[in-house]
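1. Could you look at this predicted model? Sequence included:
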Amino acid sequence: YYLMGDVARLHSAILAYARDFMIDRGFTYCIPPFMIHGDVVTGVMSFAEMENMMYKIEGEDLYLIPTAEVSLTNLFNDEILEIEELPMLLTSYTPCFRKEAGSAGRDTRGLIRQHQFDKVEMVAITTPEQSSEIFEKMVNCASDLLTSLGLAHQKMQLCTGDLGFSAAVTIDLEVWLPGQNKYREISSISNTRDFQSRRAKIRYKDSNKKNNLTHTLNGSSLAVGRTLVAIMENYQNEDGSVRIPEVLKKYM
């Protein structure tokens, strides 16, 4: 799809606002690479996920990222961090590229499900003692961001059978879409504990100078396309015009 005129400006405004919101919450803004080597992708996901989700660059050992989580987490691949550096909180806006294998026929029209979309991501590297508190902080950040935009939403904790390959616990945030008369996922926050760190060899040196595995967490603070839909539907007037949420006005 193409975004034109005011809709394109609204898209950019959502990105800029979400970026600044996360920075104000203590996250460091980062622009990571959008292509990443295959030998480090497996630090955060399985071979099956790579096959079903990621686009490979022909003739290169490079993949287009399906989410900034892959780039941001692998920034610390095979590194030993100092305990004083933790927790490390990162946020990023990137385009995301996904095959969406197995999704044929689902949401194939419009902005809800795309092979290319934009997302504001958050990643945390913590000690084991910090990870539960940081998980709650990340869930609250995503929820508060939606609340500040005036968008009704609900939280859904996933059952074990629905968890991703690396996740120990996941909470999805679902936003109200009047056009579908239902709540739809707009954000997903996971604590992978030491699963990714074990595979990616991300460690920290504790106060006794002993090396330990970190915990890693990730989550989308906003899937921008779905946020765009939610704003256009929830803020639409009878004449078809769309009001701009108060917090976005300075960005448009």
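-> Looks like it came in fine.
2. ok, and what's touching the helix or strand of the chain with the lowest mean pLDDT?
-> When each helix and strand of the chain is scored by mean pLDDT, DSSP states H and E, helix 47-53 comes last, with a mean of 78. Outside of helix 47-53, the residues that reach it under the criterion C-beta atoms under 8 Å, 6 or more residues apart in numbering are 38, 41-42, 45, 63, 66, 98-102, 164-165. C-beta coordinates here come from the backbone N, C-alpha and C atoms, glycine included.
3. what about burial for these, which qualify?
-> Buried members of the contacts of helix 47-53, counted by 16 or more other C-beta atoms under 10 Å: 41, 45, 63, 66, 98.
4. could you dump those residues to a markdown table with pLDDT and distance to L145?
-> Putting the buried ones among the contacts of helix 47-53 into a markdown table (pLDDT from 0 to 100; distance: C-beta to C-beta, whole Å) gives the following:
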| residue | pLDDT | distance to L145 |
| --- | --- | --- |
| V41 | 87 | 28 |
| M45 | 79 | 25 |
| Y63 | 93 | 29 |
| P66 | 91 | 22 |
| R98 | 89 | 22 |
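5. Those residues in strands, which ones?
-> If you go by DSSP state E, these have Y63 in strands.
6. what's the closest of the buried ones among the contacts of helix 47-53 to L228?
-> Checking the buried ones among the contacts of helix 47-53 against L228 by C-beta to C-beta gives R98 as the nearest, at 17.8 Å.
7. Show me what counts as buried in stretch 12-22.
-> Buried-residue list, stretch 12-22, by 16+ other C-beta under 10 Å: 13-15, 17-19, 21-22.
8. Considering those residues, which is situated nearest to L151?
-> Nearest to L151, judged by C-beta to C-beta, of the buried residues of stretch 12-22 is I14 at 11.0 Å.
9. which residues touch that closest one?
-> I14 makes contact with 222, 224, 227-228, 231, 248, according to C-beta under 8 Å, 6+ apart.
10. Show me the strands in the stretch 1-150 of the chain, by range?
-> Secondary structure of the stretch 1-150 of the chain, counting by DSSP state E, counting those that start in this stretch: strands at 28-29, 35-37, 62-64, 80-82, 88-97, 116-126.
11. who touches the fourth one?
-> Okay, so that is strand 80-82. The contact list for strand 80-82 (C-beta under 8 Å, 6+ apart) reads 88, 125, 202-205, 211, 214.
12. of those, buried ones?
-> 88, 125, 202-204, 214.
13. In those residues, find the pair that's most separated.
-> Across the buried ones among the contacts of strand 80-82, the two members that end up farthest from each other (C-beta to C-beta) are M88 and R203, 13.0 Å apart.
14. and the contacts of strand 80-82 as JSON lines, adding distance to I31 and secondary structure?
-> Listed next are the contacts of strand 80-82 as JSON lines, based on distance: C-beta to C-beta, whole Å; DSSP: H, G, I helix; E, B strand; the rest coil:
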{"residue": "M88", "distance to I31": "16", "secondary structure": "strand"}
{"residue": "I125", "distance to I31": "18", "secondary structure": "strand"}
{"residue": "I202", "distance to I31": "21", "secondary structure": "coil"}
{"residue": "R203", "distance to I31": "26", "secondary structure": "strand"}
{"residue": "Y204", "distance to I31": "25", "secondary structure": "strand"}
{"residue": "K205", "distance to I31": "28", "secondary structure": "strand"}
{"residue": "N211", "distance to I31": "30", "secondary structure": "strand"}
{"residue": "T214", "distance to I31": "23", "secondary structure": "coil"}
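15. ok, so of these, who is nearest A8?
-> Nearest to A8 among the contacts of strand 80-82, with distances taken as C-beta to C-beta, is M88, at 33.3 Å.
16. Confirm for me that E233 is in contact with P178.
-> Yes: contact criterion C-beta atoms under 8 Å: E233 and P178 qualify, at 4.8 Å.
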